[in-house]
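Participant: The amino acid sequence is not available; the structure is as follows:
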């Protein structure tokens with residue numbers, strides 16, 4: 001157990017006992033709960049390792065500081081003198097074992113050594129006793145509890161113990177499969193609940209039969225839960241999916257799992273028992289969606305029940321074994337206020353985009369992979385006024401709009417014979433016959449770009465989509481390329497005229513090396529001149545490099561001293577705004593003035 005001293009903003013201090021691995025946050029499931037609006041649901045994590053207690057920042061807004069310095073990812077081992085700052089709270093570790101080690105030198109050394117040895121022996125005996133008691137409670141506890149929902153179940157700092165857990169998990173899993181085969185269990189005909197209960201019962205029986213052989217230091221309850229998750233759930237991914245701090249999960253092979261936390265990649269300590277287990281997880285994900293994955297169709301895009309995006313690729317294309325990538329979506333649906341709080345966009349830029357969506361301007365969100373395009377598209381879509389008929393078209397449905405009058409369409413891959421596939425382009429064409437007020441295409445990747453531009457030019461203003469590009473100018477070039485993929489042999493000038501008349505705004509989203517995601521530019525398409533599409537930047541993010549203290553990108557948002565050409569239209573629909581939001585930031589003006597003065601002196 002950890003003994004933690006907590007000082008609240010008012011200066012009152014209280015000591016609490018917490019498990020050896022504890023989440024600090026305001027969530028109801030946090031072991032150390034701090035009730036404040038500045039605290040995330042899962043803000044930080046304390047966990048004991050053989051070297052000592054370590055503090056981990058889970059990427060919440062505001063971060064965590066140790067002794068006045070911002071924690072990057074992890075810090076430790078902690079001392080009792082260290083002060084952890086989470087929001088306005090101050091925490092100190094008051095570990096009984098550490099305090100005992102700091103007894104005054106004047107105490108009798110022999111007595112101290114015997115007491116410490118007795119304490120360690122007592123603790124080891126208690127751990128073995130607890131493990132055996134846990135084994136006796138396996139059947140009762142496993143039936144009473146659902147699937148794993150805590151990150152602690154998959155963290156094993158001790159490498160030796162992790163290897164031991166892996167060996168026994170693999171053996172129990174193999175014996176479970178053999179038992180189910182021998183008993184001729186028809187798992188395909190069982191409901192999910194019945195399958196879970198039946199599998200729990202078999203795992204309990206196997207654990208009881210191996211009780212004398214399983215090492216006493218292994219937790220039987222944990223071992224049984226891990227085998228159950230891998231047999232009928234998503235294995236080590238169960239806890240990662242429940243951890244809100246993890247934004248992406250990457251399975252490179254069965255024993256190589258990485259996660260993205262706070263924008264940074266970290267290797268995860270747990271692993272699957274083999275390629276067969278990974279294949280089982282992939283099949284359990286894609287089968288309910290009517291999709292398939294095998295040697296003839298070794299790639300698949302799918303989604304989880306919570307909307308998280310899934311991509312899987314298997315041998316012979318994946319040489320190291322089945323590969324799985326899951327892009328998680330936050331259970332908390334982000335709003336534009338969250339982006340402003342995360343410093344991903346300025347209030348002025350957010351206000352401008354909201355008015356543009358309300359005024360039915362066609363907007364393209366451009367950015368690289370993982371830059372947050374879909375999240376921003378979802379937020380922009382929720383600016384659409386209530387009562388309008390919205391039709392969304394996606395490869396794998398992941399947009400979460402809150403409109404009452406909403407129709408969601410999803411593309412369908414071809415069957416085994418290569419027939420029955422319905423691509424996005426056909427769905428976009430079909431939407432034109434569905435009387436939409438707005439068309440939202442999850443992402444333009446090919447020929448559907450031509451149909452999207454035609455829709456924007458034929459009375460379906462206010463449409464939204466995303467595409468992959470690094471800058472606004474690159475987005476225009478990529479849009480032209482995708483239109484050419486339609487095979488219509490259109491002259492380039494005609495394509496550019498279509499683009500210039502259809503698209504009003506390009507919003508550029510960027511993911512920086514530190515993991516920060518920001519809207520780095522808002523650009524207006526202002527027309528055609530000499531056969532080239534003309535653009536003018538309205539807002540941009542000025543990058544001033546990376547902060548030495550936090551390791552995060554620093555800079556500021558600014559207007560570009562340009563007013564959009566459709567400003568009068570915004571005024572006509574009641575969307576007038578303060579003209580000062582388009583002005584240059586004072587920092588830029590001061591810098592330009594100082595540079596000019598220096599030039600005149602020289």
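Facilitator: Looks like it arrived, so ask away. As the structure is a prediction and not an experimental result, all values here were calculated from the model.

Participant: Apart from its chain neighbours, what residue comes closest to residue 42?
Facilitator: residue 25 (4.5 Å; CB to CB, 6 or more residues apart in numbering). Backbone N, C-alpha and C define where each C-beta goes, glycine included.

Participant: Does the one you found touch residue 39 like I think?
Facilitator: Yes - the pair residue 25 / residue 39 is scored as a contact, 5.9 Å apart, by CB atoms under 8 Å.

Participant: Give the residues shared as contacts by those two.
Facilitator: Common neighbours of residue 25 and residue 39, using CB atoms under 8 Å, 6 or more residues apart in numbering, are residue 60.

Participant: where's residue 388 relative to residue 553, distance?
Facilitator: 37 Å (CB to CB, to the nearest Å).

Participant: just residue 475 next, same as before
Facilitator: In terms of CB to CB, residue 475 sits 22 Å off from residue 553.

Participant: The two: which has the busier surroundings?
Facilitator: residue 475 (25 against 19; other CB atoms under 10 Å).

Participant: Within the helices and strands, which one has the more buried one?
Facilitator: Assigned by DSSP states H and E, residue 475 belongs to helix 472-484.

Participant: ok, now residue 315?
Facilitator: Judged by DSSP H and E, residue 315 forms part of no helix or strand.

Participant: for the closest residue to it other than its chain neighbours, what are its contacts?
Facilitator: Using CB to CB, 6+ apart and skipping residues adjacent in sequence, the residue nearest residue 315 is residue 321, 6.6 Å away. With contact set as CB under 8 Å, 6+ apart, residue 321 has these partners: 253-254, 275, 278, 314-315.

Participant: now the helix or strand that contains residue 92: how far from the chain's centre is it?
Facilitator: Secondary structure assignment for residue 92, by DSSP H and E: strand 89-93. Distance, stretch centre to chain centre, for strand 89-93: 28 Å (CA atoms, centre = their mean, to the nearest Å).

Participant: hmm, back to that, drop anything exposed from the contacts of residue 321.
Facilitator: Listed as buried from the contacts of residue 321 are 253-254, 275, 278, 314; burial here means 16 or more other CB atoms under 10 Å.

Participant: Now intersect the residues you listed with the strands, please.
Facilitator: residue 253 (DSSP state E).

Participant: could you redo the buried ones among the contacts of residue 321 as TSV and give each row pLDDT and distance to residue 374?
Facilitator: Shown next, in TSV, are the buried ones among the contacts of residue 321 (pLDDT from 0 to 100; distance: CB to CB, whole Å):
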residue	pLDDT	distance to residue 374
253	90	27
254	88	29
275	86	30
278	88	26
314	92	25
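
Participant: out of the buried ones among the contacts of residue 321, who's nearest residue 48?
Facilitator: residue 254 (28.0 Å; CB to CB).

Participant: ok, the closest one - contacts?
Facilitator: Residue 254 neighbours (CB under 8 Å, 6+ apart): 271-275, 277-278, 321-322.

Participant: Then residue 331?
Facilitator: Contacts of residue 331 by CB under 8 Å, 6+ apart are 244, 306.

Participant: need the helices for the stretch 301-450 of the chain, in chain order.
Facilitator: 336-341, 347-358, 373-381, 424-431, 448-457 (DSSP state H, counting those that start in this stretch).

Participant: Next: the stretch 101-250 of the chain.
Facilitator: In the stretch 101-250 of the chain, helices defined by DSSP H, counting those that start in this stretch lie at 109-136, 138-144, 159-182, 192-209, 220-232, 237-242, listed in chain order.

Participant: Let's test this: mean pLDDT of the longest one, rounded?
Facilitator: This means helix 109-136. Across helix 109-136, the average pLDDT comes to 42.

Participant: ok, now the last one?
Facilitator: Rounded to a whole number, the mean pLDDT of helix 237-242 is 83.

Participant: Equivalent analysis for the third one, please.
Facilitator: Averaged across helix 159-182, pLDDT comes to 74.

Participant: angle of it against helix 192-209?
Facilitator: 120 degrees (axes from the mean of the first three to the mean of the last three CA atoms, to 10 degrees).

Participant: With that, I have no additional questions.
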